[in-house]
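Colleague: Generate coordinates for the sequence data below:
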Amino acid sequence: MSRQLDEKVLVSGQIRPEDVAALVGEGVTMLVNNRPDGEEPDQPLGMDIEKAARAAGIEYRAIPIIRGIGPADAQAMQDAIKAAKGKVFAFCRTGTRSSLAWALAKNDEGMSRGDIERHLSDVGVDPTPIAHLL
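Modeller: Below you'll find the model as predicted:
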């Protein structure tokens, strides 16, 4: 279900409210939703996933990425990662936006371009869309 970007961050495609409770067993303490509501008709609402997260004792943050990843998205992702007391589970439709937001957050923290590209490659994400920002 999930792919591990680093020791603290897991990414995934869309999850459903009934998937959330199992994340506790993976050490997840924060769920980051990078997908805006309404992208697809059968997509679960963020508020339903948030409700499931709270019921499972997992913190929830919505950082919807609509058209490209901007500095505010990278900063919000960086803040979420820093605030999490355990693992962060970030998701969007396929996991790509979440991975790229992580990459920009790590870039802002000083991780090298090579390391960022290696981590992205390890989870099957092409860094090309953000290469000009690294």
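
Colleague: Assign the spatially most central residue of the chain to helix, strand or coil.
Modeller: Among the residues of the chain, the one closest to the centroid is residue 90, at 2.4 Å (CA atoms, centre = their mean). Classification of residue 90 using DSSP: H, G, I helix; E, B strand; the rest coil returns strand.

Colleague: For it, give its distance to residue 40.
Modeller: Remark: distance between residue 90 and residue 40 (CB to CB, to the nearest Å) = 18 Å. Quick note: C-beta positions are derived from backbone N, CA and C, even for glycine.

Colleague: now swap in residue 79 and tell me
Modeller: According to CB to CB, residue 79 and residue 40 sit 28 Å apart.

Colleague: between those two, who's got more neighbours?
Modeller: The neighbour comparison of residue 79 against residue 40 (other CB atoms under 10 Å) goes to residue 79, with 13 against 10.

Colleague: Which strands or helices does the strand or helix carrying that one pack on?
Modeller: Assigned by DSSP states H and E, residue 79 belongs to helix 71-83. Using 3 or more CB pairs under 8 Å, 6 or more residues apart in numbering; DSSP states H and E, the elements in contact with helix 71-83 are strand 28-33, strand 59-62, strand 87-91, helix 96-108.

Colleague: want to throw the ones you listed into CSV with mean pLDDT?
Modeller: Conversion of those to CSV gives the following (pLDDT from 0 to 100):
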stretch, mean pLDDT
strand 28-33, 98
strand 59-62, 98
strand 87-91, 98
helix 96-108, 96
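
Colleague: Many thanks, have a good one.
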